[in-house]
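*Asks:* next input, structure requested:
(one chain, ligands or ions: 1)
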Amino acid sequence: MADLEQFRKDTRAWLAANCPPEMRKAMTREEDTFWGGRNATFSSEPQKVWFERMRDKGWTVPNWPKEYGGGGLDGEETKILRQEMAAISARLPLVSFGISMLGPALLKYGTDAQKREHLPKIAAGQIRWCQGYSEPNAGSDLASLQTRAEADGDDFIINGQKIWTSYANFADWIFCLVRTDSSAKKHDGISFILFDMASPGVSTKPILLISGKSPFCETFFDNVRVPQSHVLGQVNRGWDVAKYLLQHERAMISGMGERGVGRPLGQVAADSIGVDDHGHLDDPGLRAQIATFEIDEAALACAAERAVDLAKAGQAHPAFSSAMKYYGTELNKRRYEILMSAGGSDALEWESERSNDGARARAWLRTKANSIEGGTSEVMLGIVAKRILDLPGA
Ligand SMILES: Cc1cc2nc3c(=O)[nH]c(=O)nc-3n(C[C@H](O)[C@H](O)[C@H](O)COP(=O)(O)OP(=O)(O)OC[C@H]3O[C@@H](n4cnc5c(N)ncnc54)[C@H](O)[C@@H]3O)c2cc1C
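*Replies:* Okay, the predicted model is just below:
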């Protein structure tokens, strides 16, 4: 315990000295997130400084082993670092699918050579990854995927199409599910393979949304040649890797429900609605909604903490991330409904001269996707019913 207290003191002091004030403000624009990658640019000098300092300390991935560019922290130390960062509202220095999704799968299933090749580049933000799971006829029923990989000497030749590939047009590499045995049962003939998006035969087509943004793409593979050594885990056993990665993806997405938007909801609401003579939010109905929300948010934070402790003790239920994903994303949607109610018609502003042009309305609409990406809420409830509650007929 004394060691942990010392670690907390040192961490607090290091963050105070090294996190630029600009990196302690809520993120309101897309450019506030640094994703890394071959063509990455920083949106400001403080963003660059903060990223480089955290990278050099191994704290872009604090709990990864040092030999792969991580900080080598154990579970308790990682928790303390997160708490101390939250206490000063420090931004994450690097956000990437490599960190939150592929990395854990590489650590569990990767060969020594694969770990050495990919993990340090993820930790240092050098390579940006995208996720090639969904296909036009394989979303919730992911194991129906049809993208084919046929053996040709030491390589596979890949043909097919993915869809909803987030940021495929900016990504350097893809982790991808492909069918390597069409005669096997659908879950058994799948492999998990890694390849460079610059490989001949890979093309992307951004999907333009009604919001005017294009966060994802259709991704096409036309005779893409990939060495068989790029398979993660065993050939035809990719479903195991895919499921393991989804646990991490769902845990990451569930965190949206407890992340907060910088200032407490009550204060944001008071800005537009005002306070009564007692200093309370001058709208009892909204006040009650905010209070209920904050209790539920605190409960989610406790559940998340418990999940981390159970994982550390090797007692975590593998499907628990589905329960967290369901609750966290529904909570995040509620948060933005409250923010929109609090803001009234001003919150619907879409375009203006101000720098945060429509940020709240766009963020509100974006939350609608939280309960779809990484598996829909209906599918999460199905998993909870079947695998955790063991309900009859589930
Ligand atoms: C913002 C965003 C980012 C994404 N990024 C990526 C990415 O980077 N890479 C990637 O591969 N994919 C990505 N996806 C795709 C995502 O994984 C799928 O949208 C999701 O799995 C659902 O699949 P679907 O869209 O085909 O819907 P469908 O599976 O067609 O579902 C349609 C409706 O039917 C319901 N439904 C389906 N099956 C069941 C069932 N068994 N029980 C109850 N209800 C059911 C669903 O809940 C949903 O309401 C992204 C999606 C979003 C929204």
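
*Asks:* leaving out the residues flanking it, which one is nearest to Leu15?
*Replies:* Nearest residue to Leu15 in three dimensions, chain neighbours excluded: Glu84, at 5.7 Å (C-beta to C-beta, 6 or more residues apart in numbering). To be clear about C-beta, it is placed using only N, CA and C from the backbone, and glycine gets the same treatment.

*Asks:* ok, the one you found - how many residues close by?
*Replies:* Glu84: 21 surrounding residues under other C-beta atoms under 10 Å.

*Asks:* isn't it right up against Arg12?
*Replies:* Yes - using C-beta atoms under 8 Å, Glu84 is in contact with Arg12, at 5.2 Å.

*Asks:* the residue in the stretch 201-350 of the chain that the ligand sits nearest to: what's it in contact with?
*Replies:* Residue nearest to the ligand within the stretch 201-350 of the chain: Phe216 (5.5 Å; C-beta to the nearest ligand atom). Counting by C-beta atoms under 8 Å, 6 or more residues apart in numbering, Phe216 touches Ile163, Trp164, Thr165, Ser166, Tyr167, Ala168, Pro206, Ile207.

*Asks:* so who does the residue of the stretch 51-200 of the chain found nearest the ligand touch?
*Replies:* For the stretch 51-200 of the chain and the ligand, the shortest gap (C-beta to the nearest ligand atom) falls at Gly139, measuring 1.8 Å. Neighbouring residues of Gly139 by C-beta under 8 Å, 6+ apart: Trp164.

*Asks:* which non-adjacent residue is nearest Ala151?
*Replies:* Going by C-beta to C-beta, 6+ apart, Ala151 has Gln228 as its nearest residue, at 7.0 Å.

*Asks:* was I right to think the one you found contacts Ile157?
*Replies:* No - checked against C-beta under 8 Å, the pair Gln228 and Ile157 is beyond contact range at 10.8 Å.

*Asks:* first-to-last residue distance for stretch 54-71?
*Replies:* 9 Å (C-alpha to C-alpha, to the nearest Å).

*Asks:* what residues of it count as buried?
*Replies:* 54-55, 58-64, 68-71 (16 or more other C-beta atoms under 10 Å).

*Asks:* including distance to the ligand, pLDDT and secondary structure, could these go into a markdown table?
*Replies:* What follows is these, written out as a markdown table (distance: C-beta to the nearest ligand atom, whole Å; pLDDT from 0 to 100; DSSP: H, G, I helix; E, B strand; the rest coil):
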| residue | distance to the ligand | pLDDT | secondary structure |
| --- | --- | --- | --- |
| Met54 | 25 | 98 | helix |
| Arg55 | 24 | 98 | helix |
| Gly58 | 27 | 98 | coil |
| Trp59 | 25 | 98 | coil |
| Thr60 | 21 | 98 | coil |
| Val61 | 20 | 98 | coil |
| Pro62 | 24 | 97 | coil |
| Asn63 | 24 | 95 | coil |
| Trp64 | 22 | 97 | coil |
| Tyr68 | 24 | 98 | helix |
| Gly69 | 24 | 97 | coil |
| Gly70 | 24 | 98 | coil |
| Gly71 | 27 | 98 | coil |
